[in-house]
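1. need a 3D model of the following:
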Amino acid sequence: MSRSVLLSVLSLLLVATGCGEGHPVPEPVDDAFASRTVGKASVTDLSMPAPDFSVETLDGSMLDQTGFDGRITLVNFWATWCGPCIVETPELVGLQAEWADRPFRILGVSLDTYADDEVHQFVEDMEVQYPVFIDTVGLSDAFGGAYALPTTYLVDEQGTIRRRYVGLFPMAEVRSSLDSLVTELEQRLQ
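-> Presented below is the predicted three-dimensional model:
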């Protein structure tokens, strides 16, 4: 069985079996209005603390949840074999470069397993400048799951998960509201 077929089967099994016991599942803020579709992504409003973690990024630096403090963060779960992940990465790279001096960051979390070389090559080829690590610590589960890729979580400056985007990140549709959120934070920090 090819690797891609095996990964597809495993992904379907994960979706079918759910999160399992012991993993927090984010609850929508308001059932009537919490889930909607924006662009090609399913969007759910949330309100839960980001999990504690400590990881080594691909460049060898250490990163933990305090990296969320004082800035708006997009935590992007992806894989090198994921077509939509490949499509959205240049937009995320561009946004991080454009907003490098703002209280904003992107954190890339690869769900590739046993593929260090492929992940390093992907990051190099895509010229990714934001922190990236391979999820060997179960961060996707701690966030409430990334059972479809890409999945991106919006974390506010206080470390609270506010939104989950499942599918291709809808940059065109949410860029202006994301900019407003970062601008509001900049004004509060002055």
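
2. now do Leu6, the pLDDT please.
-> Per-residue pLDDT puts Leu6 at 39.

3. how many residues are close by Gly145?
-> 21 (other CB atoms under 10 Å). All C-beta spots, glycine's among them, are computed from the backbone N, C-alpha and C.

4. what do you get for Leu107?
-> For Leu107, using other CB under 10 Å, the count is 23.

5. show me the biggest helix of this protein in terms of residues.
-> helix 171-189 (DSSP state H).

6. so what's the gap between that helix and the chain middle?
-> Taking CA atoms, centre = their mean, to the nearest Å, the mean C-alpha location of helix 171-189 is offset from the chain mean by 17 Å.

7. what's that helix packed up against?
-> strand 72-78, helix 83-98 (3 or more CB pairs under 8 Å, 6 or more residues apart in numbering; DSSP states H and E).

8. now it: average pLDDT?
-> 95.

9. how many degrees apart are it and strand 72-78 in direction?
-> 150 degrees (axes from the mean of the first three to the mean of the last three CA atoms, to 10 degrees).

10. restrict helix 171-189 to CA atoms and write it as PDB.
-> Provided in PDB are the C-alpha atoms of helix 171-189 (Å, rounded to 0.1, in the frame of the first residue of the first chain):
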ATOM      1  CA  MET A 171      -6.800  34.900   3.500                       C
ATOM      2  CA  ALA A 172      -8.700  37.100   1.000                       C
ATOM      3  CA  GLU A 173     -11.900  36.900   3.200                       C
ATOM      4  CA  VAL A 174     -10.300  37.300   6.700                       C
ATOM      5  CA  ARG A 175      -7.200  39.500   6.000                       C
ATOM      6  CA  SER A 176      -9.000  42.800   6.800                       C
ATOM      7  CA  SER A 177     -10.600  41.500  10.000                       C
ATOM      8  CA  LEU A 178      -7.200  40.000  11.100                       C
ATOM      9  CA  ASP A 179      -5.600  43.300  10.300                       C
ATOM     10  CA  SER A 180      -8.200  45.100  12.500                       C
ATOM     11  CA  LEU A 181      -7.500  42.700  15.300                       C
ATOM     12  CA  VAL A 182      -3.800  43.300  15.100                       C
ATOM     13  CA  THR A 183      -4.300  47.100  14.800                       C
ATOM     14  CA  GLU A 184      -6.500  47.100  17.900                       C
ATOM     15  CA  LEU A 185      -3.700  45.300  19.800                       C
ATOM     16  CA  GLU A 186      -1.100  47.700  18.500                       C
ATOM     17  CA  GLN A 187      -3.200  50.600  19.800                       C
ATOM     18  CA  ARG A 188      -3.700  49.000  23.200                       C
ATOM     19  CA  LEU A 189       0.100  48.400  23.500                       C
END
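
11. so which elements touch the strand ranked longest in the chain?
-> Ranked by number of residues, the top strand in the chain under DSSP state E is strand 41-49. The contact analysis (3+ CB pairs under 8 Å, 6+ apart) places strand 41-49 against strand 35-38, strand 160-166.

12. brilliant, that's me finished.
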